[in-house]
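compute the structure for the input listed below.
(2 chains)
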Amino acid sequence: MKKTYSSLAAREARLAFWMLLPAFTIVAAVILFPVVANFWLSFKTVGLGDLRPPTATVREQVSTAPEQPGDELVLVFRMRNSSRTVPIQRVEVQASLPPGLNPVAIPEHWQLDDSTVTRVYPEGWDGGYTEDIEFLFTVSDAFFTSDVDPRRPTDPQTISRARNPLLSANLTLENFRFVISAREFWTVLRTSFVYPFLGALLSIIMGIAAAQLLNRNFRGQGVLRGLFLFPYVAPVIAVAFTWVFFLDPFSGTVNTLAMELGILEQPISFLSERYYRVELFGLTVRLPLALTVVILFDAWRYFPFSFLFILARFQAIPDQLYESADVDGAGHFRKFFSITLPQLYGVVTTLFLLRFMWTFNKFDDVFLLTGGAAGTRTLPIQVYDNAFGRANIGAGSAAAVILFVLLALFMTLYFRTIREDIDE
Amino acid sequence: MNKTVSPAALVVALIMGALSTALTVGIWSVVHTLSTPHVLEVSIPRLLAIGVATGLLWVVLRERLGGRYRYSWAVGALMSGPWFVFAPSLSPGIAVGAVVAFAVAGRVTAGSLRGIPAHNLRQDHIEELAVRILRTGALVFFVSIVLFPFLFMISSSFKTRAEYLSDPLNLGFSLSQPPAQLFNGYIEVLTRFNFGMYIFNSAVIALATVVLTLVPAILGAYAVTRLKFPGRQLLSKSILLIYMFPAIVLVIPLYSVFTQLGLRDTRLGLLIVYSAMTIPVALYMLRSYFQTLPRDLEEAALIDGLSRFGVILQITLPLSVPAIASVGLYVFMIAWNEFLFAFMFLDSPGIFTLSRGMIMLDDQEVPRQFLMAGATVITVPIMFLFFRFQRLLVGGLTAGGVKG
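So this is what the prediction gives:
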């Protein structure tokens, strides 16, 4: 009896395994593996150009061409390693001589069998290796009558064996040193915290206000709810370009309107000025302009996210709470601050951490608005810039590792917080 | 019946009148400025003064008129009189607009004072008024910040450089020009810049992503909710964790490995990445849904001799159509909107998605009109889907919390 049961359980587990396999395979290959690979790459010196394994290349060139049978033909092999940095372990070069091409002298280390010249480099070629080798031939009648290309008579081939540069085990801390010692690193780190912090905060405040506005039944409530989700469902690239255009200093609506109303005397380049000086009570305040605009963009784009969750939470607050407050004679504001806000505590904490984390590793928004210029450079932009702007995959990965470690800290905090939430 | 009006009520009436009038007429002037070539300037102090008068007039007349709101239109329209005295040169259109705007302002003033007595003003009345002011302000604020960028996008897509430079404040565009000229931006973008093909590519990749995400996610979600196996708890928990992994950390290794495998500049490569990014959340959402389905039916079918896959196909799936549609739509939206990987992976124009194609338009040589036409082309399908299936999509958004 027990045996049947356990074999049934084993069958169920086996079935579960097969059903989970497709999802697990894709996720393991495209999410888990890259995270590990990212750590690996951060300890290696890899440039963008090293992504393909190096190859040995040989180009032949006829430097003295024959004009009639009996003439000399001088042929040069120009050989090089396609990578400047990565060595090739073993190289073999082979060329077959066409009929009528008779070698006068074969260079040292080269071998001639039948009509094939071969050279083996058992030690391989270092990164950046180049060598030119000259061959001297005399030609006979057959050379002119055969259909050989007189400018490329031998068609040399190579067989090379090189390790994949991503796999070799020479590890270094150089990438981390490069990232951390960069002049702007600490500024980038500070921006990376300020931007998601204020962006998340502002989007949640706006979300509470919008949810409060729609948290009662009136005509057009459904339409308004749909409308409020617009910024969130629209493609980021479309709305980012729209923002760039209406903030434009020469033809943007915002500048024109502000000047028409007399708020501004001169147009402002909102997305490319690092600071804007404001006179306040005789004090000059430096407002980080581009960063502020990027934060406002994020608040605008993501308030619907907070709005949806907070609205759902509102509708779950029991009516009795408000009814008993009515009996006690509490007004609107009293009810909002004493009942509604405390009820939101859980959802707002969770939302804040979620939004903070997602904005922390958000690349698209800043990249499309400012490209990371004018004091808006965040860690994700730094990752991209190191890896693809500076063509240094290793340094990009190192920045990504720093980002990931910080994110892991937030995640620990997040999962601890939502667990407490559930426990309550 | 006490017909006297208390001083406090007068103060309240004049404040609400001033705010309502300033708001209503202000909106009219902004809409007028943005939709026509003319800037309509209104003097705020005068507007406030007229509003004060409107509020006072209404509170005094209200009870004599039996509190009927239809008279408030007339009171408002009457108050456009003082405005005309000071108003600058007027066209007939503006004059009609002004009368209508002030009539509306009168009605708004009356509405804002609804239920507020002219005497015996209590603290809760004041609070009620403050809430009305805040609500109206918030409504105007949210509607304008949400709508403005989209109106700007659509209007710019119909205007040439000369047109928008001559009056950057004007969001209107002339419908009287021939269609070929009006839709020039769209025609250029769809033909010369190949957006027709990019729409096709985006749609194919997004639809394929939906299939390649749903199949593994449905199987996985079913296994996690209905089958017992070692490590089930751990797996359940780690699904959300994996969903939090940021794309920017994956992009360098994926770029490197996909380059070596020859997958980088291909539709298949992009498809694999999109599926992997959406499988965890799709699995999570479907798991939550499957947990709400009754087990009894499935167990009865199993006892009757139906196989596991028979149960999934004939019982679970038909019951889950709304949830699956919701997840599918949401996955489609993510794949359609995705930018980072499309930007990093695709080099060959033949397989560009719309997001990638948009980058080609971001060039000093390309007029803004074309870029905004492109932005409209990429936005409209997703907005259409969103409105058509709003309930499903909102369900998906709240269940999964689209990563963004």
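
nearest residue to the closest residue to chain B within the stretch 251-400 of chain A other than its sequence neighbours?
Per Cβ to the nearest Cβ, residue A:361 is where the stretch 251-400 of chain A lies closest to chain B, at 3.4 Å. Every residue, glycine included, has its C-beta placed from N, CA and C. Nearest non-adjacent residue to residue A:361, counting by Cβ to Cβ, 6 or more residues apart in numbering or on different chains: residue B:246, 3.4 Å away.

please apply the same query to residue B:110.
Closest to residue B:110 by Cβ to Cβ, 6+ apart is residue B:72, at 3.5 Å.

how near is that neighbour to chain A?
19 Å (Cβ to the nearest Cβ, to the nearest Å).

quick one on the thing from earlier: around the residue of the stretch 251-400 of chain A closest to chain B, how many other residues sit close by?
24 (other Cβ atoms under 10 Å in any protein chain shown).

cool, residue B:391 as well?
Residues lying near residue B:391 (other Cβ under 10 Å) number 12.

report the secondary structure state of it.
Put simply, residue B:391 is helix when judged by DSSP: H, G, I helix; E, B strand; the rest coil.

for the most centrally placed residue in chain B, phi and psi?
Among the residues of chain B, the one closest to the centroid is residue B:146, at 6.4 Å (Cα atoms, centre = their mean). Main-chain dihedrals, residue B:146, degrees, to the nearest 10: phi -80, psi -40.

quick check: it vs residue A:234, distance?
10 Å (Cβ to Cβ, to the nearest Å).

who in the stretch 301-404 of chain B is up against chain A?
B:308, B:333, B:336-337, B:339-340, B:344, B:354-355, B:358-359, B:362, B:368, B:371-372, B:374-376, B:378-379, B:382-383, B:386-387, B:390, B:393-394, B:397-398, B:401-404 (Cβ under 8 Å from any Cβ of the partner chain).

how about 7 Å then?
B:308, B:333, B:337, B:339-340, B:355, B:358, B:368, B:371, B:375, B:378-379, B:382, B:386-387, B:390, B:394, B:397-398, B:403-404 (Cβ under 7 Å from any Cβ of the partner chain).

buried subset of those residues?
Buried residues within those, counting neighbours by 16 or more other Cβ atoms under 10 Å in any protein chain shown: B:308, B:333, B:337, B:339-340, B:355, B:358, B:368, B:371, B:375, B:378-379, B:382, B:386, B:390, B:394, B:397-398, B:403-404.

where does the chain have low pLDDT?
By default, I'm working from chain A. Segments of chain A classed as low confidence (criterion: pLDDT under 70) are A:1-6, A:165, A:169, A:419-424.

hm, I was asking about chain B
In chain B, residues with pLDDT under 70: B:1-3, B:67, B:87-89, B:395-404.

quick one, domains of it?
B:7-166, B:186-400 (automatic domain parsing).

coming back round to it: quick one, what contacts the residue nearest to the centre of chain B?
A:227-228, A:230-231 (Cβ atoms under 7 Å, 6 or more residues apart in numbering or on different chains).

who wins for most neighbours among those?
Greatest neighbour count in those, by other Cβ under 10 Å, goes to residue A:228: 24 neighbours.

the helix or strand harbouring residue A:302 packs against which elements?
Here residue A:302 is covered by helix A:289-316, with elements defined by DSSP states H and E. Other helices and strands packing on helix A:289-316, by 3 or more Cβ pairs under 7 Å, 6 or more residues apart in numbering or on different chains; DSSP states H and E, are helix A:185-214, helix A:230-233, helix A:341-360, helix A:364-369, helix B:390-400.

the fourth one vs chain B: in contact?
To tie it back to what came earlier, the one meant is helix A:364-369. Yes. For helix A:364-369, a contact with chain B is found by Cβ under 7 Å from any Cβ, at residue A:364.

go on, the longest one?
Yes. Using Cβ under 7 Å from any Cβ as the criterion, contacts between helix A:185-214 and chain B involve A:209-210, A:213.

buried stuff in that helix?
A:185, A:188-189, A:191-192, A:195-200, A:202-204, A:206-214.

list the buried ones in the stretch of helix or strand residue B:332 belongs to?
In this structure, residue B:332 sits in helix B:321-337 according to DSSP H and E. By 16+ other Cβ under 10 Å, the buried positions in helix B:321-337 come out as B:323-324, B:326-337.

of all those, which comes closest to chain A?
The closest of the buried residues of helix B:321-337 to chain A turns out to be residue B:337 (Cβ to the nearest Cβ; 4.2 Å).

where does the residue of the stretch 1-150 of chain B found nearest chain A land in three-state SS?
Residue nearest to chain A within the stretch 1-150 of chain B (Cβ to the nearest Cβ): residue B:127, separated by 4.3 Å. Of the three states, residue B:127 takes helix under three-state DSSP.

how many residues are close by it?
14.

wait, it touches residue A:330, no?
No. Applying Cβ atoms under 7 Å, one finds residue B:127 not in contact with residue A:330, separated by 10.0 Å.

near chain A, which residues of the stretch 101-250 of chain B?
B:124, B:127, B:131, B:135, B:138-139, B:142, B:145-146, B:149-150, B:152-153, B:156, B:164-165, B:168-169, B:215-217, B:219-220, B:222-223, B:227-230, B:242, B:244-246, B:248-250.

among these, name the buried ones.
B:138, B:142, B:145-146, B:149-150, B:152-153, B:156, B:164, B:168-169, B:216-217, B:219-220, B:222-223, B:227, B:229, B:242, B:244-246, B:248-250.

restricted to strands, list the residues you listed.
Among those, no residue falls in strands (DSSP state E).

circling back to that earlier point, for the residue nearest to residue B:110, give me its contacts.
With Cβ under 7 Å, 6+ apart, residue B:72 has these contacts: B:58, B:106-107, B:109-110.

distance check, it against residue B:50.
15 Å.

for residue A:242, helix, strand, or coil?
When the rule is three-state DSSP, residue A:242 gets the label helix.

so it touches residue B:155, yeah?
No. Look at residue A:242 against residue B:155 with Cβ under 7 Å: they stay out of range, at 10.6 Å.

just to revisit the earlier point, restrict the contacts of residue B:146 to those near chain B?
Among the contacts of residue B:146, chain B is touched by A:227-228, A:230-231 when using Cβ under 7 Å from any Cβ.

quick one: contacts of stretch A:22-35?
Outside stretch A:22-35, the residues that reach it (Cβ under 7 Å, 6+ apart) are B:215-217, B:219-220, B:242, B:245, B:249-250, B:253-254, B:272-273, B:275-276, B:279-280, B:283.

run through the residues that contact the residue at the greatest distance from the centre of chain A.
For chain A, the residue at maximal distance from the C-alpha centroid (Cα atoms, centre = their mean) is residue A:70, at 62.1 Å. Residues in contact with residue A:70 (Cβ under 7 Å, 6+ apart) are residue A:138.

three-state assignment of it?
Going by three-state DSSP: residue A:70 is coil.

where does it fall, phi/psi-wise?
Taking degrees, to the nearest 10 as the convention, residue A:70 sits at phi 100, psi -10.

domain map for chain A?
A:54-161, A:182-391.

and residue B:10, what element?
According to DSSP H and E, residue B:10 maps onto helix B:7-35.

so which elements touch that helix?
Here helix B:7-35 touches helix B:44-61, helix B:92-112, helix B:123-156, going by 3+ Cβ pairs under 7 Å, 6+ apart.
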